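1. Sequence and computational prediction follow.
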Amino acid sequence: MSELILARHGETEWNVEEVFRGQIDIELNQNGIKQAELLAEHLSGQAIEAVYSSPLKRALKTAEAIARRHKLKIETSPGLNDCDFGQWQGLSLREVKDKYRKLYEQWAESPQSVQIPGGESLGGVRERALKVVNGVTAKHTGAVVLVSHRVVNKVLICALLGLDDSHFWNIRQDVGGTTFFSYENGRLVLTRHNDTSYLKPLKRAELRDF
């Protein structure tokens, strides 16, 4: 594999409303659809060998826009699925802060130590997502795009940089953001991070990391 491109899906209404999505299958909103098309246009001039996606619709729709430009079929992978937020899924950020105050404080301070009730830990997400990366690294020689979610991309970036999950909040990934790794001498080297420059035509303020 020559290059690994991590892409976060476009915007959903739950991104705007700050609702925990997790593995609930939320569709892109109209702005998210436009973001996906701009991302696809941005990557259209690049030679891409394969596109992998989380099975959730918000990621799949983003991946479809990219794959269409390169006449590729999408390979879905459960390992790229969003973090299972368990009992937090479908709740707003304010509701989680109110109902799970101590646990949310722990999430904000040391996310690597949190096991969300009914959900999974960052360590679990990291393990399954790294299996996907190892698989595509062994299988492909060209550039590969992985379309996934905020949590998945953030833990993958930490892992590929040799950082543990305590650095989760040191990584930012906005909606529609892309991160590029070049494969050099048997290792993945970060070359560009959280690029959202191609979203400027939308003339909307960027969402924060949620």
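-> Ah, there it is.
2. what's the longest helix that the chain contains packed up against?
-> Longest helix in the chain by number of residues (criterion: DSSP state H): helix 122-139. Applying 3 or more C-beta pairs under 8 Å, 6 or more residues apart in numbering; DSSP states H and E, we find helix 122-139 packed against strand 3-8, strand 48-53, strand 143-148, helix 150-160. Where C-beta positions appear, they are placed from N, C-alpha and C, glycine not excepted.
3. how about those, which one is nearest Phe20?
-> For those, the distance to Phe20 is smallest for helix 150-160, at 10.3 Å, taking C-beta to C-beta.
4. can I get the helices and strands packed on helix 122-139 in TSV with distance to Ser121?
-> Output for the helices and strands packed on helix 122-139, formatted as TSV (distance: least, C-beta to C-beta, whole Å):
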stretch	distance to Ser121
strand 3-8	20
strand 48-53	23
strand 143-148	17
helix 150-160	10
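5. Buried deepest among the ones you listed, which one?
-> strand 143-148 (a mean of 27; mean count of other C-beta atoms under 10 Å).
6. just to revisit the earlier point, what comes up buried for the longest helix of the chain?
-> Leu122, Val125, Arg126, Arg128, Ala129, Val132, Val133, Val136 (16 or more other C-beta atoms under 10 Å).
7. circling back: quick one: closest of the helices and strands packed on helix 122-139 to Tyr104.
-> Taking C-beta to C-beta, helix 150-160 is the member of the helices and strands packed on helix 122-139 nearest to Tyr104, at 15.0 Å.
8. Dump the closest one to CSV, restricted to CA.
-> Extracted in CSV, the C-alpha atoms of helix 150-160 (Å, rounded to 0.1, in the frame of the first residue of the first chain):
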residue,chain,number,x,y,z
ARG,A,150,-14.7,10.3,14.5
VAL,A,151,-13.8,7.9,17.3
VAL,A,152,-12.4,5.2,14.9
ASN,A,153,-10.2,7.7,13.1
LYS,A,154,-8.9,9.3,16.2
VAL,A,155,-7.9,6.0,17.8
LEU,A,156,-6.4,4.8,14.5
ILE,A,157,-4.3,8.0,14.2
CYS,A,158,-3.1,7.5,17.8
ALA,A,159,-2.2,3.9,17.1
LEU,A,160,-0.4,4.7,13.9
